[in-house]
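*Asks:* Quick one, fold the following:
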Amino acid sequence: MIGRLNQRITIQRKTLTPDLMGGAVEAWSDLATVWAGAKVKAGREALDEARMNASATVVFTLYSHSDVIEGDRIMWDSRAHNIRVIRRDGGQPLMMVIEAERGVAS
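*Replies:* Residues are numbered from 1 along each chain as shown. All right, here's what the predicted structure looks like:
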């Protein structure tokens with residue numbers, strides 16, 4: 001299994017930081033940088049308000065991290081991938097599978 005975990009990814013979480021005007025600024029902070037397997041599952045294009053938008057679903061396999069949630073994102077290949085589904089396989093409790101989508105809002 002370790003040979004397939006050949007991609008470096010960073011898991012990030014959205015945080016709110018107070019600004020000087022009494023509001024808050026959204027930012028992404030790194031939770032962990034780990035080795036993972038990555039496989040593009042599906043891609044599509046759609047015309048939205050005269051603009052072509054492309055998105056792709058990527059399946060990441062990595063060693064389990066209990067603090068990862070669906071609101072987090074993965075940075076891979078210099079692009080943000082919004083986490084949609086997290087599966088922790090009962091057959092391999094040390095591993096987790098994450099489906100994430102690139103090219104769409106979180």
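*Asks:* who's in contact with the closest residue to residue 18 other than its chain neighbours?
*Replies:* In space, residue 18 comes closest to residue 24 once its chain neighbours are excluded; the distance is 5.7 Å by Cβ to Cβ, 6 or more residues apart in numbering. Where you see a C-beta, it was placed from the backbone N, CA and C, and this is true even at glycine. The contact partners of residue 24, taken as Cβ atoms under 8 Å, 6 or more residues apart in numbering, are 16, 17, 18.
*Asks:* Residue 93 now?
*Replies:* residue 64.
*Asks:* any idea how far it is from residue 81?
*Replies:* For residue 93, the distance to residue 81 equals 24 Å [Cβ to Cβ, to the nearest Å].
*Asks:* Quick check: phi and psi at the residue nearest the centre of the chain.
*Replies:* For the chain, the residue nearest the mean C-alpha position is residue 74 (2.8 Å; Cα atoms, centre = their mean). Torsion angles at residue 74 (phi, psi; degrees, to the nearest 10) stand at phi -120, psi 130.
*Asks:* That one contacts residue 10, correct?
*Replies:* Yes - Residue 74 is within contact range of residue 10, at 7.1 Å (criterion: Cβ atoms under 8 Å).
*Asks:* what about the residue nearest to residue 12 when sequence neighbours are not counted, which helix or strand?
*Replies:* Nearest residue to residue 12, sequence neighbours excluded (Cβ to Cβ, 6+ apart): residue 28, at 4.3 Å. Assignment of secondary structure by DSSP states H and E places residue 28 within strand 24-48.
*Asks:* Also residue 15?
*Replies:* Assigned by DSSP H and E, residue 15 falls in strand 7-18.
*Asks:* pLDDT wise, what is the residue nearest to residue 18 at?
*Replies:* We have a pLDDT of 91 for residue 24.
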